[in-house]
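> Sequence and computational prediction follow.
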Amino acid sequence: MDPIKKPDSGNLHLPRTILIIDDDELNRMILSNIFSDTYSILEAENGEVGIELLVRELTDIAAILLDVMMPVTDGIRFLERIRELGWNGGIPVFLITAESDTSVLSRAYALGVMDTIAKPVIPYMVRKRVDSVVELFMARKSLRSRVEEQQQQINEQARRIIDLNQGMIEALSTAVEFRSAESGSHVRRIHDITKLLLLKTELGVGMSYETIEMIATSAIMHDIGKIAIPDAILNKPGRLTSEEFEIMKTHTVRGGEFLERIPQLRELPGFKYAHDIALQHHERYDGRGYPNGLKGDEIPIWSQVVSLADVYDALVNERVYKRAYSFDEAVKMINNGECGCFGPALLAAFKVAEPEMRALYSENPSEEK
């Protein structure tokens, strides 16, 4: 038998069926007469038949009236079975019994029985007690449904806000890339490469998917500080002079300062990643980078990853100051330390992920190498 499906708390359908499980036909008739004016009635002569009816009619059952002493499957075994099958307590169960054994009653309550009604039953008392509990369960179900609907609306609004924030971040970062005569898709590739390196290699072990996505989104803003660099330097086709290079290097510090001055960004959970990456993506593992000369693991792994992603993308794409290198050339240059200095763990991860990184470019025919 398939496990019982749990009722959908978000479904506003209110069940109006009473399931009566009792081996005594007279008892079933008496109980049926009490409720038949308001509820539909299902009858079962033992717990096994009761389980079959419950599985078939679960969403329509408002309450279960259950005898204890029955053949085939008694009341206690019925309660055990529906728990095994995944019933979650969404339907009130009333034990209708002459049983006085406290151990049996204790077991029944432990298995989820809501109330015990002694035989012989007194109709108006049974009706009042069952109606009161069913009304409570229906009100709770309706409230839970409304709460979940409101939560879904809140989640959808939050998702839209996140999408809007990311869209604005991408738009601003892309505008910076256009200023430097680079393709606006550069920031998207940095996002994708960063995410790939953290998600598909040992570098991201211990990070949640949400954290990796925050880091990848933050990577989009790695060069935001270039907004403060003069066009003559930013787009110079030849080699920069030492003085020009010193000005270019300031984009890291200016990027960190820029992000610090936006209160809305400071409140986002990913602000630390964005600030670190903007400030540190030109640091080197050997300590010869800028702006602070950080060395080794003084550089957070997210900043190291974005640094490599930035170098890789710059190598395989044309810039105003260089031709585009082939993927194989780029890999060789990175591994030989010709374009920065990266730690052994990062280079090992790069070796694993690079074929998939390369595939990111083949998805756009205009950028194939």
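Yes, it's here. Numbers count the residues shown, from 1 in each chain.
> Please, where are all the strands along the stretch 201-350 of the chain?
Here the stretch 201-350 of the chain has no strands by DSSP state E, counting those that start in this stretch.
> Show me the helices in it, by range?
In the stretch 201-350 of the chain, the segments counted as helices under DSSP state H, counting those that start in this stretch are 209-219, 231-234, 242-260, 263-266, 271-280, 301-316, 327-335, 344-362.
> With distance to S40, mean neighbour count and mean pLDDT added, can I get these in TSV?
Just so you know, the C-beta spots here come from the backbone N, C-alpha and C atoms, and that holds for glycine as well. Shown next, in TSV, are those (distance: least, C-beta to C-beta, whole Å; neighbours: other C-beta atoms under 10 Å; pLDDT from 0 to 100):
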stretch	distance to S40	mean neighbour count	mean pLDDT
helix 209-219	47	21	92
helix 231-234	76	14	88
helix 242-260	63	17	93
helix 263-266	56	12	75
helix 271-280	58	23	94
helix 301-316	60	24	96
helix 327-335	69	17	96
helix 344-362	58	16	94
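> possible to save those as a markdown table with distance to P71?
What follows is those, written out as a markdown table (distance: least, C-beta to C-beta, whole Å):
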| stretch | distance to P71 |
| --- | --- |
| helix 209-219 | 53 |
| helix 231-234 | 88 |
| helix 242-260 | 74 |
| helix 263-266 | 69 |
| helix 271-280 | 66 |
| helix 301-316 | 66 |
| helix 327-335 | 75 |
| helix 344-362 | 64 |
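> just so I know, which of those lies nearest G47?
Proximity to G47 (C-beta to C-beta) singles out helix 209-219 among the helices of the stretch 201-350 of the chain, at 44.5 Å.
> hmm, who's touching the closest one?
Helix 209-219 has contacts (C-beta atoms under 8 Å, 6 or more residues apart in numbering) with 166, 169, 190-192, 194-195, 198-199, 204, 207, 269-270, 273-274, 277, 302, 305-306, 309.
> Which one of the helices of the stretch 201-350 of the chain lies nearest to I91?
Closest approach to I91 among the helices of the stretch 201-350 of the chain is made by helix 209-219 (36.3 Å; C-beta to C-beta).
> between that closest one and helix 301-316, how many degrees?
Per axes from the mean of the first three to the mean of the last three C-alpha atoms, to 10 degrees, the angle that helix 209-219 makes with helix 301-316 is 50 degrees.
> Count the neighbours of R261 for me.
Other residues within reach of R261 by the criterion other C-beta atoms under 10 Å amount to 9.
> got the buried residues for stretch 102-109?
Buried residues in stretch 102-109, counting neighbours by 16 or more other C-beta atoms under 10 Å, are found at 104-105, 107-108.
> Same question for stretch 21-33.
Using 16+ other C-beta under 10 Å as the test for burial, stretch 21-33 gives 21-23, 27-28, 30-32.
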